[in-house]
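K.L.:
Have a look at this prediction, sequence included:
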Amino acid sequence: MKITITGTGYVGLVTGVCLSDVGHQITCYDIDQEKIDLLNSGQSPIYEPGLDELIQKNIQKGRLQFTSNVKEAYSGADCIFIAVGTPPNEDGSANLTYIENAAIEIAEHMTKDCIVVTKSTVPVGTNEHIGMIIQERLPVNLKVRIVSNPEFLREGSAIHDTFHGDRIVIGSDNQEAGKRIEEIYSPFKLPVVHTDLRSAEMIKYASNSFLALKISFINEIANLCEKVGGNIEQVARGVGLDKRIGNKFLQAGIGFGGSCFPKDINALNHLANEYDYDFKILKSVIDVNRLQKERLFHKAKEIFESLAGRKITILGLTFKPNTDDIRDAASLKLIQDLLLEDAVITVYDPVGMSKVEKLFGDKIQYAASAEDALAGSEAAFILTEWGEIKTLSLETFKSYMEKPILFDGRNCFTLEDAEKHGIHYYSIGRKP
Ligand code: UGA
């Protein structure tokens, strides 16, 4: 079976590499020649632990190849996975241009009966639309089947998630096509859920929205703990042990970011509006998250009479650890807010610095280490719980900073430790 993956972003690249690793013959196709050159040299264009090694191994074994040649990609393909981006439009809806273009190209270049599988996150009804685009342009002697196969991997643990996911969702209105896709995934030995096309599309949006809802909910409980007393770490543990609730995604913090949750929730809300449905909980999840991102900044403003001219450190810029992704990261909002107050900002992140530098240039300073960033600082914010940041000794904050005032958006330290080291410590959901 010749399998082609269209789009070498997170989802497409990781899927292609993992499918080749279990023995499939995989061609990854992307229109970006620079990316393809990099990949052919065995390097990943994205930062993802373990990915480079898997790419190199499977190129060497001769079962993974990368191309920007559309003919090479689609001719003879039995199965084509579409994994191109669906970025947000200004109104929050999903931009389907890339996916529509992919569908047109497939119709124009496929040379045999083929199953087209959508991995990109797409609004309910899109797979039918893709099917129509292809069908309208297809030579009469060829047949296409459409399958929706949403992706649940997380950045930073994408390879692990692909091999050890909780389920594989296969949505199709054609049983035989669904079965063939199940066979492709059979080496992973994961539970498979067969659904119709629209249900599969909805499962993806409902899953991401529900996870985001858990985060916004625990963040609101945390905010209330700060007022009425109680420690959110203890509360989350006690709540999460109830198996009906589960202990995952109950880590209170400075709100969720990244390329998925904010985009997908807005897209689902937009879809609901289109169908004249007022999705109240979803709107609250969005609102709570917006306010949560500003929380530590407002705390700092309360404590300092003015932030103008003050030397402020930010540790952690990416939206979570083990990724270089800064999309919708809390750091971007905080930097903007602090710049408006004329603070003097120094930042440090183990891998996210160059992307932030592209946005803010010389408006802020970039340190080579956490210690350098803290030197002489009057207040520090922790925004990403990178291993090397959360294992910093509190003594380091005390000895390097001018004044040891710490705003911890990821609850990396205990209140007791902070007090023992004489740190003025403000965290989430725990009264100082
Ligand atoms: C998310 C989903 O978890 C994946 O299942 C999904 O496939 C992916 O979106 C996608 O749609 O492509 P990802 O955005 O990589 O994955 O990151 P998560 O690990 O889910 O974290 C998202 C945000 O939530 C981060 O900013 C993280 O810091 C925050 N978070 C997460 C919390 O604040 N608290 C938690 O308890 C968990």
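P.N.:
Thanks, I have it.
K.L.:
contacts and neighbour counts: CA atoms only from here.
P.N.:
Fine.
K.L.:
Now for Y275, how many residues are close by?
P.N.:
By the criterion of other Cα atoms under 10 Å, Y275 has 9 neighbours.
K.L.:
wait, I meant N127
P.N.:
Neighbours of N127 (other Cα under 10 Å): 24.
K.L.:
Equivalent analysis for the one 5 residues further on, please.
P.N.:
The local packing count at M132 equals 14, with neighbours defined by other Cα under 10 Å.
K.L.:
Likewise for K280?
P.N.:
Counted with other Cα under 10 Å, K280 comes out at 9.
K.L.:
And it, how close does it get to the ligand?
P.N.:
From K280 across to the ligand, the span is 21 Å (Cα to the nearest ligand atom, to the nearest Å).
K.L.:
So what's the residue count around E183?
P.N.:
So E183, with other Cα under 10 Å, has 10 neighbours.
K.L.:
which element is it on?
P.N.:
Assessed by DSSP states H and E, E183 sits inside helix 175-185.
K.L.:
pLDDT of that helix, averaged?
P.N.:
Per-residue pLDDT over helix 175-185 has a mean of 98.
K.L.:
And the contacts of that helix?
P.N.:
Residues from elsewhere that reach helix 175-185 (Cα atoms under 8 Å, 6 or more residues apart in numbering): 19, 24, 115, 145-147, 170-172, 192, 194.
K.L.:
Three-state assignment for the nearest residue to R145 once chain neighbours are set aside, please.
P.N.:
Excluding the flanking residues, the one nearest R145 by Cα to Cα, 6 or more residues apart in numbering is I115, at 4.7 Å. Following DSSP: H, G, I helix; E, B strand; the rest coil, we place I115 in the strand state.
K.L.:
and I115, what does it touch?
P.N.:
By Cα under 8 Å, 6+ apart, the contact list for I115 reads 78-80, 144-147, 177.
K.L.:
just these now: which is nearest the ligand?
P.N.:
Checking the contacts of I115 against the ligand with Cα to the nearest ligand atom, the nearest one is V147 at 17.7 Å.
K.L.:
Check for me that that closest one belongs to a helix.
P.N.:
No. Counting by three-state DSSP, V147 is not part of a helix but strand.
K.L.:
That one: neighbour count?
P.N.:
Counted with other Cα under 10 Å, residues neighbouring V147 total 28.
K.L.:
ditto for the one 5 residues further on
P.N.:
Per other Cα under 10 Å, the neighbour tally for F152 reads 20.
K.L.:
From the ligand, how far out is it?
P.N.:
Taken as Cα to the nearest ligand atom, the span from F152 to the ligand is 3 Å.
K.L.:
go on, P45?
P.N.:
Per Cα to the nearest ligand atom, P45 is found 16 Å from the ligand.
K.L.:
Phi, psi for that residue please.
P.N.:
phi -80, psi -10 (degrees, to the nearest 10).
K.L.:
Then T313?
P.N.:
T313 adopts backbone torsions of phi -110, psi 140, taken as degrees, to the nearest 10.
K.L.:
Quick check, E155 in contact with P321.
P.N.:
No. Using Cα atoms under 8 Å, E155 makes no contact with P321, being 9.1 Å away.
K.L.:
picking that back up, hey, C-alpha coordinates of the helix holding E183 in CSV?
P.N.:
Once non-C-alpha atoms are left out, helix 175-185 reads as follows in CSV (Å, rounded to 0.1, in the frame of the first residue of the first chain):
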residue,chain,number,x,y,z
GLN,A,175,-17.4,0.6,6.1
GLU,A,176,-14.7,-0.9,3.8
ALA,A,177,-12.7,2.3,3.7
GLY,A,178,-12.9,2.5,7.5
LYS,A,179,-11.7,-1.1,7.9
ARG,A,180,-8.7,-0.4,5.6
ILE,A,181,-7.6,2.6,7.7
GLU,A,182,-8.0,0.5,10.8
GLU,A,183,-5.6,-2.1,9.2
ILE,A,184,-3.0,0.7,8.7
TYR,A,185,-3.1,1.5,12.4
